[in-house]
Structures are given as C-alpha cells and as structure tokens.
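> Fold the stuff below for me.
(2 chains)
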Amino acid sequence: MERTLIKELKDKIGSEVLIGAMVDVRRDQGKMAFFDLRDRTGVVQAVVFGKPEVLEVAKNASPESSLFVKGIVNKRPEKMVNDKVPNGDIELEITSIEILNQAKALPFDLDSELNIDTLLDNRPITLKRKRERAIFNVQATITRSYGEYMRQEGFTEFQAPKLVGGDAEGGAEVFKVGYFYNKDAFLATSPQLYKQIMVGVFERVFTFATAFRAEKSSTTRHLSEYTSLDAEMGFIKDHTDIMRVETGLMKYISEALGSRNVDDLATLNIELPKLPEGDIFPHMKLREAQALIKERTGTDKTSEPDLEPEDERWLCEYAHDELGSDFIFITHYPVSKRPFYTYEDESDPGFTKSFDLLFRGVEITTGGQRVHDVEMLKQKAIAKGLNPENFSFYLQAFNYGIPPHGGWGMGLERLTAKFCGVQNVKEATLFPRDMNRIDTLLSKTDDEGNDK
RNA sequence: GCGGGCGUAGCUCAACUGGUUAGAGCGCUGCCCUGUCACGGCAGAGGUUGAGGGUUCAAGUCCCUUCGCUCGCGCCA
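A predicted model of the protein is given here:
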C-alpha cells in the first residue's frame, strides 16, 4: 500500500490508508488507546479499539517511536470533534501497527521548559521539539528567501574558501590550521576579500559563508562558527545603494515568513517585524545617534567611536516606537573602527561610507562601500599596520578594473534569533559551537586512533 | 580576558535567619480504566545536594579550592 501523508487524510474519509509517522503522545485507556501521530505534514489522532492483538503492539509504541500504521480514516462523531487541535474532526481507526524503531523513554518531556544547557547537550532529541522545529523552519525560509531575492536582483551565488592564507580583517581572532607546508593557514573569518574579487567577475554576488571566529566571547550573540549571508555588488553610487537592496531583502524575507510559516509564527508566539514605508529603512549617522541618545537619556557617549550593546537596544526601541520600524541603519563609523578596505566619505573626512543594520536590539549586519582604487587601498592597509604584499593575490582584482562596489555580511543565526524572539543565538543554531561546546559524534580516540 | 549568578531525583524547581529521615510536579515501574486529546485513578522505585577541603554540637544552606554552566562587558555578525 502507498504511504499517505497526514495532510491528505481529510480527503480519504472511509478508505483504508497507510501512514508513516512518529508518536507524539500515547494515551492508554484500558482496552483502547489513543495516539497523536505526526509526520512532516501534520498531526492526527489515531485510535485502537476492539483489537487486542493491535493493542498489544500499541503498548510498545512509545513516544517518538517511528511506525507504519494502517487504518480507516473516519469522521469523528460529533461529540468527539475537537476544534482546538489540527485534524480534530477526523481520526484514524487503526487496523495494524508496525514499529519501525522503538524509542526509549525520553530523558525529559519534549515540550516542557528546558535550561539552555539541557537543550544544547541533547540536540538530537531537543531538535524534535515543536518549538525547535518552528525555529529552524523559520531559518529555512530565511535562507530560501535570501537566495530567491538575491537571484531576483541579479546576484550570482558563489562559494568562498574556508581555508585561507591569512586573516581578511586583520584583527579578528583566528583558528590556525597546521597543515600547509611552510605557510600559515587559518579558518576563514569572512568571505570578504573573495567576494570583492568576485565583483570583478559577476558584478553582483552572494553566498552562504561559514565563518569562524576564535574570540573568547561568552555572550548570547556570539558563536565560534556561524553562517554569514554575504553579498557584494558593483557599480554603486555609494553605500545607500547597498542599504536599499538590503531593505528590500528584509522586507522580502518578512513577507515570505508571513505567508509560508503561519503555524511556526503561532508556535513561537511571535509577530513579524514592523516595516516602514519607503525603499530604505530609517538611517542616521553614528554621531547623530549618539547626539540623540545624549538628548533623550542624558548619557553622553558622543566621544565613543562605536555603539555599545545598550545603545543598540535603545536605538531599536526608538526606531520601533517613533519611526515605525524594527530595523534601523547606523552609518558613518569612524575610519579607526573599520577595516582598511572601507571607503572614507570625501564629504565627511574621518568617517566611512559604512553601516550597521540593527534589528530588535542587535547588530545583524555590517556593510559599506569598499575602496576600489588600488593605490588608496594599499595606503589604507599600511595605515592599519598591514603589509600590502601580504594581500597581493587580492590586489590583482583592483589592477584590472574592479568597479566601485560594496556589500554586507549578515549573521544568519542572529537574524533567526531576532525573528523568532529567542534570547540566545545558540537556540537559533542547530549545533552551536562556542569556547566550551563542541559535540562529539564518535568516541574519543588517542593519537593512534584507538578508543580511549 | 574581566564582573555577576547558578549547580539539589531523568527533567523543571522547593527546602525561612545553619537544626530531625532533603520535598513537589512531570517522567519512570506495577495495577485499574471503551472516548481520551499534555486523559484519569491507585501503589511504588528513584538523591554521596557537581567535586575536594574547612568552620560548627549540627552544613543543601557559611568559608576556601576546583570543575561545569549561565548572564553582562570588551570584541563582533
């Protein structure tokens, strides 16, 4: 018999079907038993009665066991209709159960509150939770719609290397790899220099980059390994061209979530972000933001070169309450705070055509226009204490006509966390790594490969 | 790296200023239940209070060391 999906059952009333499903819960009732069965398309109640031999099998169908279940799809009697659950008007009258893989007793209730440590130490189990499935369904829509939107805007997807011969940003803590003969190699902290090279090839490019940071950070928004949604585009007038594309992207993602993830949004009890009219989110220079903070809160941070997390939270509240937007761009960070390739604004010396995008209290993007003149680029590198010779591979692109360009890097996990309203970015990461956490898939071995 | 907090049953948490035998809910085990939907009822098992040391007549509770986790900051996406 062909397998029927649970979402199709309502059209098969009266017929016998085979479903493949996992046990959400079982409710024993003496000589009968109820199941909530779940497959990738939904949940349905199934019932065993009047069949002692099936009931005997049912007793071993523990929660999370996977089953093939045959049964007749019935309309529920009027008194048994439950409009509070999906498929509450039908049920499957079980004729046989085949246990494909019996689950052990779960170490905790799947849908109860768990500490983050328990949540992360038991990922193969906890990812099955309704809440976790909702979070990663949302993430899947984010990555899918990111690709859709970027292609629609003429961007070509490319893959950047993760093993690199140096640190692109010249500052971030890197993971060193001991393998290459006579050369130092590192895990990439960003696809930055490669995506700039690719602008000379495809003009507009994007990638899902894995980035590695060896920073000794212990916060709710840092990971040792994260996914950066990177984009870079040529022939720009200035950084606002990039901000405009990113605004369109965030609106596209938000709409996609609204149409494709209705159930997940309900599960997470979250609302889609407030989006303002216009083709570009509210934006202000860093100094304007600091002046505003001083004026409104009395806290003077106008001599700081950057925003503190507290300031980012305040600005997001301000944008939400007074500008009708959950997103706000902050532009014109000082040259001292940005990498060597960042374009200095001729009309505002000392400050750059760069931006951060803040979303619900957190920085989710850094971007900006890049220097495209090779001599200026070398000078900027030297001014940051870097040796241009170490960048000769990258600099070739600039000798051969790379147009004015710029782009952004966006933290996928931070974005997911903020869309989903979860507190810690690790909850928006399937298998998070930080200073203390890395999962061990195989038994530990010594240098000779023997089990310890 | 710096600063705060936490560590008690499989999970989530109690245990007032130190004071009998460390409790609850859920889960687990056994029995009962033909309309449940987080089913319900009865009975039961389960703890070196993270580890080590100290103070005290007495330590889950106070002190020191150590391990683990977590939150904030720096840094960043």
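> Stretch A:228-239 and RNA strand B in contact?
Yes - using C-beta under 7 Å from any atom of the strand, stretch A:228-239 comes into contact with RNA strand B via residue A:228. Backbone N, C-alpha and C define where each C-beta goes, glycine included.
> Start and end of that stretch, how far apart?
Start-to-end span of stretch A:228-239 (C-alpha to C-alpha, to the nearest Å) is 19 Å.
> For that stretch, what is the distance to the chain centroid?
21 Å (C-alpha atoms, centre = their mean, to the nearest Å).
> so residue A:408 makes contact with residue A:228?
No - contact criterion C-beta atoms under 8 Å: residue A:408 and residue A:228 do not qualify, at 9.3 Å.
> Give me the contact list for stretch A:32-49.
A:5-9, A:19-27, A:31, A:50, A:54-55, A:58-59, A:61, A:67, A:69, A:71, A:82, A:85-88, A:90-94, A:97 (C-beta atoms under 8 Å, 6 or more residues apart in numbering).
> likewise stretch A:197-211?
Stretch A:197-211 is contacted by residues A:143, A:146-147, A:150, A:153-160, A:162, A:188-191, A:195, A:225-235, A:394, A:397, A:400-403, A:405, A:407, A:409, A:412 when judged by C-beta under 8 Å, 6+ apart.
> so where's the stretch 51-200 of chain A shaky on pLDDT?
For the stretch 51-200 of chain A, the stretches with pLDDT under 70 are A:166-172.
> In strands only, show me the contacts of stretch A:197-211.
The strands, defined by DSSP state E, take in A:156-157, A:225-234, A:405, A:407, A:409 from the contacts of stretch A:197-211.
> And the residues you listed, which is closest to RNA strand B?
Nearest to RNA strand B out of the ones in strands among the contacts of stretch A:197-211 is residue A:226 (C-beta to the nearest atom of the strand; 3.7 Å).
> My read is that the closest one contacts residue A:409, right?
No - the pair residue A:226 / residue A:409 is not scored as a contact, 10.1 Å apart, by C-beta under 8 Å.
> What does residue A:49 show for phi and psi?
Residue A:49 has phi and psi values of phi -150, psi 150 when expressed as degrees, to the nearest 10.
> tally of neighbours for it?
15 (other C-beta atoms under 10 Å).
> ditto for residue A:324
Residue A:324: 12 surrounding residues under other C-beta under 10 Å.
> surely it meets residue A:278?
No - the criterion here is C-beta under 8 Å, and residue A:324 misses it with residue A:278 at 10.3 Å.
> distance of residue A:55 from residue A:126?
31 Å (C-beta to C-beta, to the nearest Å).
> make that residue A:64, sorry
12 Å.
> any common contacting residues for the two?
residue A:110.
> Enumerate the residues of the stretch 1-150 of chain A near RNA strand B.
Neighbours of RNA strand B within the stretch 1-150 of chain A, by C-beta under 7 Å from any atom of the strand: A:25, A:27-32, A:34, A:36, A:45, A:47, A:49-50, A:62-63, A:76-77, A:79-82, A:84-85, A:88, A:91, A:105-109, A:111-118, A:120.
> Next: the stretch 301-450 of chain A.
Residues of the stretch 301-450 of chain A lying near RNA strand B by C-beta under 7 Å from any atom of the strand: A:306, A:308-310, A:312, A:337, A:362-366, A:409-411, A:413-414, A:423-426, A:434, A:436-437.
> Now restrict those residues to buried residues only.
Buried subset of those (neighbour count, 16 or more other C-beta atoms under 10 Å): A:306, A:312, A:362-366, A:409-411, A:413-414, A:424-426, A:434.
> Filter those residues down to the ones in strands?
Residues of those located in strands (DSSP E): A:362, A:363, A:364, A:365, A:366, A:409, A:410, A:411.
> Between those residues, which sits nearest residue A:179?
When these are compared for distance to residue A:179 (C-beta to C-beta), residue A:409 wins out at 26.2 Å.
> May I ask you to confirm that that closest one is in contact with residue A:196?
No - assessed by C-beta under 8 Å, residue A:409 is found out of contact with residue A:196, at 11.9 Å.
> ok now stretch A:387-397, how far from the chain's centre?
32 Å.
> Show me what it is in contact with.
In contact with stretch A:387-397 (C-beta under 8 Å, 6+ apart) are residues A:165, A:166, A:193, A:196, A:197, A:199, A:200, A:374, A:377, A:378, A:381, A:382.
> Which parts of chain A belong to which domain?
Under the assignment automatic domain parsing, the domains of chain A span A:6-101, A:117-428.
> neighbours of residue A:383, just the number please.
By the criterion of other C-beta under 10 Å, residue A:383 has 11 neighbours.
> burial of the closest residue to it other than its chain neighbours, as a residue count?
What sits nearest to residue A:383 in space, not counting adjacent residues and going by C-beta to C-beta, 6 or more residues apart in numbering, is residue A:340, at 7.1 Å. When neighbours are counted by other C-beta under 10 Å, residue A:340 registers 22.
> what about the helices in the stretch 151-300 of chain A?
Using DSSP state H, counting those that start in this stretch, the helices of the stretch 151-300 of chain A run over A:192-202, A:239-260, A:262-268, A:286-297.
> What residue in the stretch 1-150 of chain A comes nearest to RNA strand B?
Counting by C-beta to the nearest atom of the strand, the stretch 1-150 of chain A gets nearest RNA strand B through residue A:30, at 2.2 Å.
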